[in-house]
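Participant: Fold the stuff below for me.
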Amino acid sequence: MRFDILTLFPDLFPPFFDGGILGRAVKKGLADIRLTDIRAFARGSHKITDDRPYGGGNGMVMKPGPISRALESVERVGDRLRVILLTPQGQTFNQSIAWDLSENDQLILICGRYEGVDERVRSQLIDMEISIGDYVLTGGELGALVILDAVSRLIPGVLGGERSNLEDSFEDGLLEYPHYTRPSMFEGDEVPEVLLSGDHERIRVWRRTQSLKRTLERRPDLLEKAELNDEDKALLEKVLKK
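Facilitator: Residues are numbered from 1 along each chain as shown. This is a model prediction of the structure:
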């Protein structure tokens, strides 16, 4: 899958995808990440990419021309493509959107800066707007990295375990169960006996119960939307009675 990132600060990105799981995905050819410097497409000797807003007001607005020309320079690959603007005004990113985006051949991520981009970028150049949360950052670069990380790990072959991403938090509408590893005792806190039992059915039930319990305690709003089967409802009833 190919990811193209349009940004004023391309030097921020390489350290992130040179190592780790994403770095290995790049080396294996599973993820192809390209950076485009928007400033390189600004005209004039000073390469200006922003200007004062019409009508007055504080801050600067990114000009549409450099963004448009940068976007035109990006090679298109495959039949399925999304051009995405990172902005606080976009729909909130979640796991469902990550799965939807992972079905594309190419994502082009445009990183806004300053007070935002000229409205004509929104109306003419993009397919969707995404926000990573209800807060304001200095630019869309961190949002682009979040999308890059969340989507790339859904590409077949990127994660080691075949079912690794299917058991993550939010995949079934619930938070994930607790994890433990060696040593079995740490600072007086012991690994739950069931995980050492070798009884796979007991472990499955324990993990599902813990997932329901953790979601109830930390994100009860998720339970309202989760599709629970009869076993889930029975386990949740036991949790509520404790």
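Participant: for the biggest helix by length in the chain, packing partners?
Facilitator: As far as residue count goes, and with DSSP state H defining each element, the longest helix of the chain is helix 200-218. Contacts defined by 3 or more CB pairs under 8 Å, 6 or more residues apart in numbering; DSSP states H and E place helix 200-218 against helix 220-225, helix 230-241. Placement of C-beta: from N, CA and C, glycine included.
Participant: mind putting these in JSON lines, mean neighbour count and mean pLDDT included?
Facilitator: As requested, the helices and strands packed on helix 200-218 are arranged in JSON lines below (neighbours: other CB atoms under 10 Å; pLDDT from 0 to 100):
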{"stretch": "helix 220-225", "mean neighbour count": "11", "mean pLDDT": "91"}
{"stretch": "helix 230-241", "mean neighbour count": "12", "mean pLDDT": "96"}
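Participant: can you give me the helices in this structure?
Facilitator: 14-17, 20-28, 64-73, 95-102, 119-124, 141-152, 200-218, 220-225, 230-241.
Participant: between those, which one is nearest to Gly55?
Facilitator: Each of the helices of the chain was scored for nearness to Gly55 using CB to CB, and the closest is helix 119-124 (11.8 Å).
Participant: show me what contacts Gly157?
Facilitator: Remark: with contacts taken as CB atoms under 8 Å, 6 or more residues apart in numbering, Gly157 is in contact with Ala25, Lys28, Leu30.
Participant: To His46, which of the helices of the chain lies closest?
Facilitator: If you check each of these against His46 by CB to CB, helix 64-73 wins as the nearest, at 12.2 Å.
Participant: which residues sit against that closest one?
Facilitator: Under the criterion CB under 8 Å, 6+ apart, residues 6, 36-43, 49, 83, 108, 110, 117-118, 120-121, 124-125 lie in contact with helix 64-73.
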